[in-house]
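*Asks:* let me see the structure of the following:
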Amino acid sequence: MTLVKTIRKVGNGSALPLDKTLLELAGLHVGDQVQITIDGPRIILTPTTAGIGKERLGKIMKDIRTKYGKALNQLAK
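*Replies:* A predicted model of the protein is given here:
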């Protein structure tokens with residue numbers, strides 16, 4: 001698959017926005033860390049861990065507390 005994206009100026013630097021679809025296709029999530037490798041004109045992004053990222057973990061934990069909070073409190077007694 002080939003996509004064309006535009007590098008944008010952000011403050012004193014630059015950014016390449018990665019939309020939700022692109023992240024999903026790559027198996028990446030907001031908060032994931034990636035290793036950046038330069039291979040000639042190519043920039044290669046590789047996930048550094050198999051983790052799920054802080055933002056996604058926070059959402060999962062919130063969902064668990066919402067669904068099972070009362071039961072977990074009862075078990076903790």
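*Asks:* shouldn't Gln35 be within a helix?
*Replies:* No. Gln35 is assigned strand when assessed by DSSP: H, G, I helix; E, B strand; the rest coil, not a helix.
*Asks:* next, count neighbours for it.
*Replies:* Gln35 has 10 neighbouring residues, counting by other Cβ atoms under 10 Å. To be clear about C-beta, it is placed using only N, CA and C from the backbone, and glycine gets the same treatment.
*Asks:* now the one 3 residues further on
*Replies:* Each residue near Ile38 was counted by other Cβ under 10 Å, and the total is 8.
*Asks:* show me where the protein has strands.
*Replies:* Under the criterion DSSP state E, strands of the chain are mapped to 8-10, 13-15, 34-39, 42-47.
*Asks:* pick the most deeply packed of these.
*Replies:* strand 42-47 (a mean of 11; mean count of other Cβ atoms under 10 Å).
*Asks:* what strands line up against it, and which way round?
*Replies:* strand 34-39 (antiparallel) (DSSP bridges).
*Asks:* residues in contact with the strand it pairs with?
*Replies:* Residues outside strand 34-39 that contact it (Cβ atoms under 8 Å, 6 or more residues apart in numbering) are Leu28, Ile43, Ile44, Leu45, Thr46, Pro47, Thr48.
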